[in-house]
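[1] no sequence on this one, just coordinates:
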């Protein structure tokens, strides 16, 4: 392998690892959405270093599983000369996140917990649309079904193209959905990190280590530097062949 491709949400992009610093923001050309990312401390960078491959991380704070699938297939389409030399690791996020295309903004909008993410929260037009959609069209049961369909379809995509991959529950609580879902028999458990373990998500690993980022408050927060290091080591143990 020459490349490590990672996609997911803030649990995979290294959010909330680095305190605010004007000097760092200026030096790295960061902005209000990525100033806290630990580019050298996140698990994908640590893992790529251990494997001796190039890190390609397209995860995004607030990103949805829709976004993961869309961007991964787009990357594969645009990099067909690289895909057979690439290890894909996907950090699945919350089942009830989604994205939609907005013609006014001419881009995709991410939705998390019933509202647009980040700066899109300040857009009243988007907020009204998402609020109405959530009230009139969102259904948890159907969204869980869709989540499993995404997993199964992406699993099939990797196998059809003979690509190397690994899945993990990055945000926490998604494994409980998978364990108890009617589509569970279609899930290939061999390609999951800690599928049958009590610590079966990055979120649980962070709590087990009591390792949290700069957003930690009242027992909750993103995984910290030690948790990212430990996840990279555990992934390395099962990926290094």
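    That came through, no problem. Just so we're clear, the structure is a prediction, and the values are computed from it rather than from any experiment. Residues are numbered from 1 along each chain as shown.
[2] could you give me the average pLDDT of the helix of greatest length in the chain?
    Counting by DSSP state H, the longest helix found in the chain is helix 140-160. For helix 140-160, mean pLDDT is 98.
[3] Show me what secondary structure element comes after it.
    strand 164-169 (DSSP states H and E).
[4] How far away from the center of its chain is the following helix or strand past that next one?
    Remark: after strand 164-169, the chain's next helix or strand is helix 174-179, criterion DSSP H and E. Relative to its chain's centre, helix 174-179 lies at 16 Å (Cα atoms, centre = their mean, to the nearest Å).
[5] burial count for residue 173?
    When neighbours are defined as other Cβ atoms under 10 Å, residue 173 has 13 of them. Every C-beta, even on glycine, is put in place using the N, C-alpha and C of the backbone.
[6] gap between it and residue 20?
    Counting by Cβ to Cβ, to the nearest Å, the gap from residue 173 to residue 20 is 29 Å.
[7] Going along the chain, name the strands of this protein.
    Using DSSP state E, the strands of the chain run over residues 3-7, 54-57, 86-92, 98-102, 107-112, 115-116, 164-169.
[8] could you redo those strands as JSON lines and give each row mean pLDDT, distance to residue 36 and mean neighbour count?
    Formatted as JSON lines, the strands of the chain follow (pLDDT from 0 to 100; distance: least, Cβ to Cβ, whole Å; neighbours: other Cβ atoms under 10 Å):
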{"stretch": "strand 3-7", "mean pLDDT": "98", "distance to residue 36": "18", "mean neighbour count": "24"}
{"stretch": "strand 54-57", "mean pLDDT": "98", "distance to residue 36": "15", "mean neighbour count": "17"}
{"stretch": "strand 86-92", "mean pLDDT": "98", "distance to residue 36": "18", "mean neighbour count": "24"}
{"stretch": "strand 98-102", "mean pLDDT": "98", "distance to residue 36": "22", "mean neighbour count": "16"}
{"stretch": "strand 107-112", "mean pLDDT": "97", "distance to residue 36": "17", "mean neighbour count": "18"}
{"stretch": "strand 115-116", "mean pLDDT": "96", "distance to residue 36": "20", "mean neighbour count": "18"}
{"stretch": "strand 164-169", "mean pLDDT": "98", "distance to residue 36": "22", "mean neighbour count": "21"}
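[9] can you tell which of those is closest to residue 200?
    strand 164-169 (6.1 Å; Cβ to Cβ).
[10] Nearest to residue 155, out of the strands of the chain?
    strand 164-169 (7.6 Å).
[11] what does the lowest-mean-pLDDT helix or strand in the chain contact?
    For the chain, counting by mean pLDDT, DSSP states H and E, helix 22-28 ranks last in confidence among helices and strands (a mean of 94). With contact meaning Cβ atoms under 8 Å, 6 or more residues apart in numbering, helix 22-28 is reached by 18, 30-31, 35, 39.
[12] do the same with stretch 105-125
    Contact with stretch 105-125 is made by 32-33, 60-64, 67, 70, 94, 96-102, 104, 126-127, 130-131, 134, 138, as judged by Cβ under 8 Å, 6+ apart.
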